[in-house]
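1. Sequence first, then the predicted structure, then my questions.
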Amino acid sequence: MKNTSLTNGNRRQFMKAGMATSAALLSSSALAQETVLEPSRGPGRTVMEMGYYGERSEYVKDARLKGNRGTGLIGGSLTPLQHGHGIVTPSGLHFEVHHSGVPDIDPSEHKLLIHGMVDDAKIFTMEDLLRFPSVNRFHFLECAGNGMGEWMAPRGQTVQQTHGLTSCSQWTGVPLKIVLNELGVKTDAKWILAEGDDGARMTRSIPMWKAMDDAILAYAQNGEFLRPEQGFPLRLLLPGFEGNMNVKWLRRLEIGDKPWWTHHEDTEYADPRPNDKIRAFSFYMEGRSVITSPSAGMKLNGPGFYEISGLAWSGAGTVKKVDISTDSGKTWQQANLEAPVLPKSHTRFKMPWTWDGKETNIMSRSTDDTGYVQPTYEEMYKLQGPIGMMHNNAIQNWHIAQDGEITNVRL
Amino acid sequence: MSAYKTMKIITLTTVTFGVAFGGLYASAQEKFGFGRSVDKDEIARYDSDIHTDGTGLPEGSGNVALGREIFEYQCALCHGENLEGVPEMGARTLHDGRRDIKKLPYATSLFDFVRRAMPLTDPGTLSNDEAYGLVAFLLVETGVIDDPDLTLDAKSLAAIKMPNRKNFIIDPASRFTAEDLEDK
């Protein structure tokens, strides 16, 4: 009765060892040895001692890595991808980027105004929005600056530092097109200004075609209401589009026929190109993949079997295949894509691998269902010069030294 | 009677769903009816953005001298006395790189951002005159406009053509072209 399955397991192991020794003892002693049981842990914490909102084990320490400068109001944190399993990022480990801190919003007072080129401008309360038919969708969210620091040379010491500005959740909300249908959008409307309710009222211009495709007014993430740092009580979710456009703490949508060229789309999230050109309105986060385990900062414990595991995603569609090289890019093998493989979602890939104990490099390369193949750094440099910083989706190489030490090295 | 009523509701819902999911820009006849209609006055309390043609620019005006004074008191701590940026405060230079004011495509966006989001620790507190003055100061200080006595208001700010606008290229994947985005 008092045995848990864990102590049963221990007992079996103990007995197995006991049997081996008793066989050896038979010749020296005819006396039967009585098996001594591992002492029970005794009763644990009662349900009343457990939290009303469950907490993880004290032995699990995975945490976001924070970074900011000056006032701290503009800053962010990175997801520990190296310890992730499956495709969902726990909400408490989802990356964040803020441009004026995290506001504290009472959902009973929050309103969304939609106006501009519509027949009937309207204000919606959260109660109104929750009454509409809803959808649940798994989608990754990635900051356009994910891997920005890696452009010129490898700098990150872990995959959290090189790729930690991507996360994946199941999002719940109302399709934006259903809400827009309430207002009667004018036929020549082409753009929407989305405005957040943070101190700086962050704004971005959103194309109408995206709103009418798969945009969601999201109020929940991974089965519960949004976290404050993810836009509680309401955020825009534009599957596959750069993180910054997924405006948090959404308070206003203005329908128009031109983009607004807001600060965040003409400076911070515009992409420098050769010959003084600047690329604007680069919405898509293109196909990308990275091996999360084994990855930089880890150490292989001698030659033998390892499961290579990683994440692939594409803002333009669904991951079709991931190729892995374990010999510094000379040969490639196709990894297994683990179900579910969903559009604009993290996809988990795996491949069994036996390390021979020799120095090598491992890397992954994704292809999505539009045929887009993840580029190398050389290919990206050729395309846009070494000056680009946003939308870095180049192939990531991990170097494995003879002692098993893994580091971030460019080939 | 009650059975008929139920049937009618089901039919209505089916129509609404069909239109809502299938319809694109066309406004449907059947709607859920959630949300509250608002008039112009109520919208005006929320609507502070500035369009590239100047729509939304408020009353008021400000000159370089006013802008310089505001900059020294409220901006220089982070942005540096000569707009060079103070890295420890998280501010990059406004003369070069990704925050280069000369490279902005529209002066309207500069006004919009300054009035809405600055100063970082106290956003939304600048008066319209102060915001006009700051934009005037920034455009003169970065060499976009050569006029130390520049005064800006809604009309003059909307008329500014930023020299770098032509260097912006539009990602074709956005499904827009540069011509789509020009103000006519």
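-> Everything's here; your move.
2. Only C-alpha atoms from now on, for both contacts and neighbour counts.
-> Noted.
3. Wasn't A:Glu378 part of a helix?
-> Yes - counting by DSSP: H, G, I helix; E, B strand; the rest coil, A:Glu378 is part of a helix.
4. any idea what A:Trp171 is structurally, helix, strand or coil?
-> Under three-state DSSP, A:Trp171 comes out as strand.
5. A:His98: what's it in contact with?
-> Counting by Cα atoms under 8 Å, 6 or more residues apart in numbering or on different chains, A:His98 touches A:73-76.
6. where does the chain have low pLDDT?
-> In the absence of a named chain, this looks at chain A. Residue ranges of chain A with pLDDT under 70: A:1-32, A:386, A:388.
7. my bad, chain B
-> Scanning chain B for pLDDT under 70 picks out B:1-29, B:183-184.
8. Can you name the residue of it nearest chain A?
-> B:Met89 (3.6 Å; Cα to the nearest Cα).
9. How much space separates that residue from B:Tyr46?
-> 31 Å (Cα to Cα, to the nearest Å).
10. between those two, which one's more packed in?
-> Between B:Met89 and B:Tyr46, counted using other Cα atoms under 10 Å in any protein chain shown, the more crowded position is B:Met89 (16 against 11).
11. from memory that one sits against B:Ala76, does it?
-> No - checked against Cα atoms under 8 Å, the pair B:Met89 and B:Ala76 is beyond contact range at 10.5 Å.
12. what about A:Gly86, neighbour count?
-> Neighbour number of A:Gly86 under other Cα under 10 Å is 15.
13. before we move on, what about A:Lys330?
-> 7.
14. Now do the SS call for it.
-> Here A:Lys330 is recorded as coil under three-state DSSP.
15. Let me see the ranges of the strands in chain B.
-> B:36-37, B:61-63, B:151-153, B:168-170 (DSSP state E).
16. cool, and the stretch 251-400 of chain A?
-> In the stretch 251-400 of chain A, the strands defined using DSSP state E, counting those that start in this stretch lie at A:271-272, A:278-280, A:288-293, A:304-313, A:319-325, A:333-334, A:336-338, A:347-355, A:360-368, A:397-400.
17. and of these, who's closest to chain B?
-> strand A:278-280 (4.8 Å).
18. For chain B, give me its nearest residue in chain A.
-> Taking Cα to the nearest Cα as the measure, the point where chain A comes nearest chain B is A:Gly70, at 3.6 Å.
19. give the contact list for that residue.
-> B:87-90.
20. Put together JSON lines for those residues, with distance to A:Val47 on each row.
-> Output for the contacts of A:Gly70, formatted as JSON lines (distance: Cα to Cα, whole Å):
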{"residue": "B:Pro87", "distance to A:Val47": "51"}
{"residue": "B:Glu88", "distance to A:Val47": "48"}
{"residue": "B:Met89", "distance to A:Val47": "48"}
{"residue": "B:Gly90", "distance to A:Val47": "47"}
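21. all helices of chain B, in order?
-> B:2-22, B:40-46, B:64-70, B:76-79, B:107-117, B:128-141, B:154-158, B:178-181 (DSSP state H).
22. right, so of those helices, which gets closest to A:Gly385?
-> Closest to A:Gly385 of those, according to Cα to Cα: helix B:178-181, at 22.3 Å.
23. so how far is the closest one off the chain centroid?
-> 18 Å (Cα atoms, centre = their mean, to the nearest Å).
24. So A:Ser141 belongs to a helix, correct?
-> If you look again at residue A:141, you'll see it is Leu, not Ser. No - according to three-state DSSP, A:Leu141 belongs to no helix; its state is strand.
25. Could you double-check that it sits in contact with A:Gln170?
-> No - judged on Cα under 8 Å, A:Leu141 makes no contact with A:Gln170 at a distance of 10.7 Å.
26. Compare those two (neighbour count), which wins?
-> Remark: of A:Leu141 and A:Gln170, A:Leu141 carries more neighbours, 28 against 20, as counted by other Cα under 10 Å.
27. Show the contacting residues for the more buried one.
-> A:Leu141 makes contact with A:166-168, A:239-243, according to Cα under 8 Å, 6+ apart.
28. neighbours around the closest residue to A:Asp356 other than its chain neighbours, how many?
-> Spatial nearest neighbour of A:Asp356, excluding adjacent residues (Cα to Cα, 6 or more residues apart in numbering or on different chains): A:Pro303 at 5.3 Å. As a burial measure, A:Pro303 scores 14 neighbours (other Cα under 10 Å).
29. pretty sure A:Pro303 contacts A:Trp355?
-> Yes - here A:Pro303 reaches A:Trp355: they are 5.0 Å apart, a contact under Cα under 8 Å.
30. which residues are common contacts for those two?
-> Joint contacts of A:Pro303 and A:Trp355 (Cα under 8 Å, 6+ apart) do not exist.
31. what residue lies at the spatial centre of chain A?
-> Centroid-nearest residue in chain A: A:Ser167, 1.3 Å away (criterion: Cα atoms, centre = their mean).
32. Work out the sheet partners of the one helix or strand that residue maps to and label each with its direction, please.
-> Using DSSP states H and E, A:Ser167 sits in strand A:166-175. Taking DSSP bridges as the criterion, strand A:166-175 forms sheet pairs with strand A:135-142 (antiparallel), strand A:216-221 (antiparallel).
33. contacts for it?
-> Strand A:166-175 is touched from outside by A:78-79, A:87-91, A:94-95, A:129-130, A:132-143, A:146, A:214-223, A:345-346, with contacts defined as Cα under 8 Å, 6+ apart.
34. So among the residues you listed, which ones count as buried?
-> Among those, those buried by neighbour count (16 or more other Cα atoms under 10 Å in any protein chain shown) are A:78-79, A:87-89, A:91, A:94-95, A:129, A:134, A:136-143, A:146, A:215-222, A:345-346.
35. In contact with A:Gly116, which residues?
-> A:254-256.
36. how about 10 Å then?
-> Going by Cα atoms under 10 Å, 6 or more residues apart in numbering or on different chains, A:Gly116 touches A:185-186, A:189, A:192-193, A:253-257, B:43, B:47.
37. and which of those residues is nearest to A:Val159?
-> When these are ranked by distance to A:Val159 (Cα to Cα), A:Leu193 comes first, at 34.1 Å.
38. which SS class is the residue nearest to that closest one when sequence neighbours are not counted?
-> Excluding the flanking residues, the one nearest A:Leu193 by Cα to Cα, 6+ apart is A:Ser205, at 4.6 Å. Of the three states, A:Ser205 takes strand under three-state DSSP.
39. Strands along the stretch 101-250 of chain A, start to end?
-> Ranges of strands in the stretch 101-250 of chain A, per DSSP E, counting those that start in this stretch, are A:111-116, A:122-125, A:135-142, A:166-175, A:191-196, A:203-207, A:216-221, A:224-225, A:235-237, A:250-256.
40. Out of those, the one nearest A:Asn392 is which?
-> Using Cα to Cα as the measure, strand A:135-142 is the one of these that comes nearest A:Asn392, at 11.1 Å.
41. orientation of the closest one relative to strand A:347-355 in degrees?
-> Counting by axes from the mean of the first three to the mean of the last three Cα atoms, to 10 degrees, strand A:135-142 points 50 degrees away from the direction of strand A:347-355.
42. follow-up on the earlier one: from the contacts of A:Gly70, which would you call buried?
-> Among those, the ones that count as buried by 16+ other Cα under 10 Å are B:89-90.
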